[in-house]
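Asks: any chance you can model this:
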Amino acid sequence: MKQYEYKFIRSKMKIGFDYDKKTTETEAEWNKLGAEGWKFCSWANEAVIFIRETDA
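Replies: Residues are numbered from 1 along each chain as shown. Below you'll find the predicted structure:
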């Protein structure tokens, strides 16, 4: 049976009006998580939830 682990990242509002910069920073953060095997799962209670399969 497959097993999974979850990562909760608190959604934080970045200060400033530069939408393009905020988008670029978020994209880089999500790409880093993707490279580590994390996949977006859901968003709830101001947290972004990622999931990945474990070897256990």
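
Asks: rest of the way, CA atoms for contacts and neighbours
Replies: Noted.

Asks: just the element for Glu25, please.
Replies: According to DSSP states H and E, Glu25 maps onto helix 19-35.

Asks: and that helix, what other elements does it pack with?
Replies: Applying 3 or more C-alpha pairs under 8 Å, 6 or more residues apart in numbering; DSSP states H and E, one finds that helix 19-35 contacts no other helix or strand.

Asks: buried ones in the lowest-mean-pLDDT helix or strand in the chain?
Replies: When each helix and strand of the chain is scored by mean pLDDT, DSSP states H and E, helix 19-35 comes last, with a mean of 90. Across helix 19-35, burial judged by 16 or more other C-alpha atoms under 10 Å covers Trp30.

Asks: stretch 41-53 too?
Replies: Applying 16+ other C-alpha under 10 Å to stretch 41-53 flags 48-52 as buried.

Asks: give me every residue that touches Tyr6.
Replies: 49-52 (C-alpha atoms under 8 Å, 6 or more residues apart in numbering).

Asks: residues in a beta bridge with it, which ones?
Replies: Going by DSSP bridges, Tyr6 is paired in beta bridges with Ile51.

Asks: any idea how far it is from Trp30?
Replies: Remark: distance between Tyr6 and Trp30 (C-alpha to C-alpha, to the nearest Å) = 14 Å.

Asks: kindly report the same for Lys12.
Replies: From Lys12 over to Trp30 the distance is 14 Å, taken as C-alpha to C-alpha.

Asks: again, but for Lys21
Replies: Noted for Lys21: a distance of 14 Å to Trp30, by C-alpha to C-alpha.

Asks: thinking again about what came up before, from the buried residues of stretch 41-53, which is closest to Lys2?
Replies: Proximity of these to Lys2 was ranked by C-alpha to C-alpha; the top entry is Arg52 with 10.3 Å.

Asks: is that closest one in contact with Leu33, as I believe?
Replies: No - judged on C-alpha atoms under 8 Å, Arg52 makes no contact with Leu33 at a distance of 10.1 Å.

Asks: shared neighbours of the two, anything?
Replies: Shared contacts of Arg52 and Leu33, counting by C-alpha under 8 Å, 6+ apart, come down to Lys39.
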